[in-house]
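Student: just a sequence and a predicted model for now, questions to come.
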Amino acid sequence: MSGLRATQASLSLVSSNVANAETPGYVRKTLNQDTGTTGQFGSSVLITGVNRQLDEFLQTQLRTETSGASYADVRSSFLANLQGVYGNPDSTGTIEDAYNKFLTAVQGLSTSPDSQSARIGVVNAAQSMAQQLNATSQGIQSLRANAEAGINDSVNTANNALQQIARLNVQL
């Protein structure tokens, strides 16, 4: 009788494996069977559990590629934010624009060093460039602080997960 139950359970698992073969994320399952003994002789079949047949290589590749994709996503996001701080090179209000205006003012002063308006233009352009450098520096510091906060949150999440795993191991 136990042999028939084991065969029935095996057939049920095989039909489930076939029915779900194309289902994304489905893993093939097999039965664990042991020999039941009476005295010194085998007298029955015992079902001791169900195994999931995972492909370790695929699991490793999935983890590697998922982490690589996450890294690329974080890096892309950070670089996009950094580009936002620097701005487009041909736009107004960027370091490059302020530097070009400063160079133009200095060149104008070099052609007419006695001109009061050229001197004022150089001072104004220098102040504008200093303000742009300060704004860019503050933007970069803000990005750095955000990155540090994100790292701190990730470390705390990992530590909490490890503590939960340790508690589960103790319970097992």
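Tutor: Structure's in. What do you need?
Student: from now on I want contacts and neighbour counts done on CA atoms only, so please keep to that.
Tutor: Will do.
Student: mind giving me the domain ranges of this protein?
Tutor: Domains of the chain are assigned by the TED database as 1-54, 87-171.
Student: so for stretch 45-62, what's the average pLDDT?
Tutor: Averaged across stretch 45-62, pLDDT comes to 83.
Student: next: stretch 114-129.
Tutor: Here the average pLDDT along stretch 114-129 is 94.
Student: send the alpha carbons of that stretch over as PDB?
Tutor: C-alpha atoms of stretch 114-129 as PDB (Å, rounded to 0.1, in the frame of the first residue of the first chain):
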ATOM      1  CA  ASP A 114      43.100 101.700 -17.700                       C
ATOM      2  CA  SER A 115      39.400 101.200 -18.400                       C
ATOM      3  CA  GLN A 116      37.300 101.400 -15.200                       C
ATOM      4  CA  SER A 117      34.400  99.500 -16.800                       C
ATOM      5  CA  ALA A 118      36.800  96.700 -17.900                       C
ATOM      6  CA  ARG A 119      38.000  96.400 -14.300                       C
ATOM      7  CA  ILE A 120      34.500  96.300 -12.900                       C
ATOM      8  CA  GLY A 121      33.600  93.700 -15.600                       C
ATOM      9  CA  VAL A 122      36.500  91.500 -14.400                       C
ATOM     10  CA  VAL A 123      35.500  91.800 -10.800                       C
ATOM     11  CA  ASN A 124      31.900  91.000 -11.600                       C
ATOM     12  CA  ALA A 125      32.900  88.000 -13.700                       C
ATOM     13  CA  ALA A 126      35.200  86.700 -11.000                       C
ATOM     14  CA  GLN A 127      32.500  87.100  -8.400                       C
ATOM     15  CA  SER A 128      30.000  85.200 -10.700                       C
ATOM     16  CA  MET A 129      32.600  82.500 -11.300                       C
END
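Student: what's the lengthiest strand in the chain packed up against?
Tutor: If you go by DSSP state E, the chain has its longest strand at strand 41-52. Helices and strands in packing contact with strand 41-52 are listed as helix 2-19, strand 29-38; criterion 3 or more C-alpha pairs under 8 Å, 6 or more residues apart in numbering; DSSP states H and E.
Student: which stretch in those has the least confidence?
Tutor: strand 29-38 (a mean of 81).
Student: list the buried ones in it?
Tutor: Of the residues in strand 29-38, 29-31 count as buried by neighbour count, 16 or more other C-alpha atoms under 10 Å.
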